[in-house]
Structures are given as C-alpha cells and as structure tokens.
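Colleague: I'll drop the sequence and a predicted model, then ask my questions.
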Amino acid sequence: MDEHTKNTHPGMAPVNDTTLTRESWKIFQIMAEFVEGFERLARIKPSVSIFGSARTAPGTRLYELAEAIARDLSDAGFSVVSGGGPGIMEAANKGAQAGKSLSIGLNIQLPMEQSGNPYQDISLNFRHFFSRKVMFVKYASAYVVLPGGFGTLDELAEILTLVQTGKTRRIPIILVDRKFWAGLLDWFRDTLVTAGTISAGDMDLFRVVDSPREVVETIFSHYERRGFGPSAQEQEILLEL
C-alpha cells in the first residue's frame, strides 16, 4: 500500500506528512525520558514515592504532616520521591532533604500549574505523564498518598491497578489522613465491592494511617521478613512494567 493510499483509504482521515514525521520523532523524546529515568533512579534504593495536592500551602497541617513523614522516612534510610512541584510535593522534598537520604523530584512540564521546588537533590524533568508514572512505580518500596486532587487520585488508582493485576510487585500503599479518605473508601466498600467490580480482598491492598510513625512502621512491618529489593520473580515482573 503506497503513501497516497494510506492517507485516502475509506474510513481513514488524510494525515499531513509533516504531522506523521513529528509523531514519529516523538518516539525518541519518549525514549530519552525513560533512559534518563532508568539510569538515574535504578541505583537509588530503597525509595518511597509520596503524593498529594500541589495546592496545599506551607504552614498548614497537611504540609507539615507531609514534611514530617518525609523527614522520618529519610532518616530511616529511604530516599523520597515526589512530583517535584509545590504543596505536598514540596513538603515531601523539604522533609527528605532535611534528613539523611536523598530528595528526588520527578517534575512535569505543565501549561500553568507546576514549577519545581528548591528542595531536590536529584531533579528529573518529564513532558509525558505516562513515562513519569512508570518512574514513580518501578523503583518504589512503598507508596504514601496524602490528600490531593485528580492527579493524586490518578496515581493512587494506577498503583492499585498495577498491584491488583500483578503487573508490579506488592508494596505498601499507605493513605494518610483517615478523615479525608473515609468517603472514598466507603464508596469502594459499599459500591464497588457490592457491585462486584472489585473483590472484598482488594480492600487489603492499602492501609490508612494518620501519623508519620504509622507510615514508617507499616513499611518496615511489610519488609520485616525480606529485603527491600525485589526478588528474582519480582524483577521479572518489573521488567514488563
């Protein structure tokens, strides 16, 4: 099939050659993001990914809670990975940098909202959410999710789906602030489980806590009979992530 036929086949809209070329070259930009992410994050172990709202102001309870959690994790030997932006992300990087371990930001280029915070020991920049999301998951020993909006819910749903379907290894998924998450978890239990769209056992994929101490204890409890690194079987799973 020649180029003209491909562009005029019934049911297919004509495609400008310049557009096709730009789309094809986009592959190399995507590859570069993955390569840089793999090379810079693969040696940073163990690490914990922290999520939450970009709109949380410094000095608020949740900002200070995120900072305290990150500081405790950093002092316990975990590098802390955040989205690199303001709000909870800034608090996480700030707390981590004040501790003993590395503070890492996976920054995303957005039309309006995000600018990088100044508390990053290692800073990576992404154009694409999907490649950035892989980096959050691939090397994390745990996920800590504080109150947030659509982006936070997106990351939570992503890790729950990956663990539920066996596409990544089972790691602690910790929701912080029981009051904030209560309505969503009631809906999970009363609507999703009742409707059969998730199993009752899927409610055990995560823990809900309120304090930095509970976060650290939950992670260490999960790994008390094994190392933080993935097993040989888990490494194979992560290669297919």
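Modeller: Structure's in. What do you need? Keep in mind it's a predicted model, so treat the numbers as computed, not measured. Numbering: from 1, shown residues only.

Colleague: who's in contact with the most centrally placed residue in the chain?
Modeller: Centroid-nearest residue in the chain: residue 136, 3.9 Å away (criterion: C-alpha atoms, centre = their mean). By C-beta atoms under 8 Å, 6 or more residues apart in numbering, the contact list for residue 136 reads 49, 81, 106, 143, 155, 159. (Glycine included, C-beta is placed from N, CA and C.)

Colleague: repeat for residue 135
Modeller: Contacts of residue 135 (C-beta under 8 Å, 6+ apart): 37, 41, 81, 106, 124, 126.

Colleague: So the fifth one is in contact with residue 36, correct?
Modeller: Yes. Using C-beta atoms under 8 Å, residue 124 and residue 36 qualify as a contacting pair, with a distance of 6.4 Å.

Colleague: quick one: which of those two has more around it?
Modeller: Counted by other C-beta atoms under 10 Å, residue 124 and residue 36 do not tie: residue 124 has more neighbours, with 20 against 15.

Colleague: hmm, back to that, for the helix or strand encompassing the residue nearest to the centre of the chain, list the C-alpha coordinates in CSV.
Modeller: In the assignment (DSSP states H and E), residue 136 maps to helix 129-138. Extracted C-alpha coordinates of helix 129-138, given in CSV (Å, rounded to 0.1, in the frame of the first residue of the first chain):
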residue,chain,number,x,y,z
PHE,A,129,2.8,11.8,32.4
PHE,A,130,3.0,8.1,31.4
SER,A,131,6.8,7.9,31.5
ARG,A,132,6.9,9.8,34.7
LYS,A,133,4.3,7.5,36.3
VAL,A,134,6.5,4.5,35.4
MET,A,135,9.4,6.1,37.4
PHE,A,136,7.2,6.6,40.4
VAL,A,137,6.3,2.9,40.5
LYS,A,138,9.3,1.0,39.1
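
Colleague: got the buried residues for it?
Modeller: Within helix 129-138, the residues scored as buried using 16 or more other C-beta atoms under 10 Å are 131-138.

Colleague: returning to that earlier point: helices - which of the contacts of residue 136 land there?
Modeller: Judged by DSSP state H, the subset of the contacts of residue 136 located in helices is 155, 159.

Colleague: got the residue ranges for the helices in this structure?
Modeller: 3-8, 17-41, 61-75, 88-98, 129-138, 150-164, 178-187, 194-195, 212-222, 232-239.

Colleague: correct me, but residue 68 touches residue 213?
Modeller: No. Applying C-beta under 8 Å as the test, residue 68 and residue 213 come out as separate, 9.5 Å apart.
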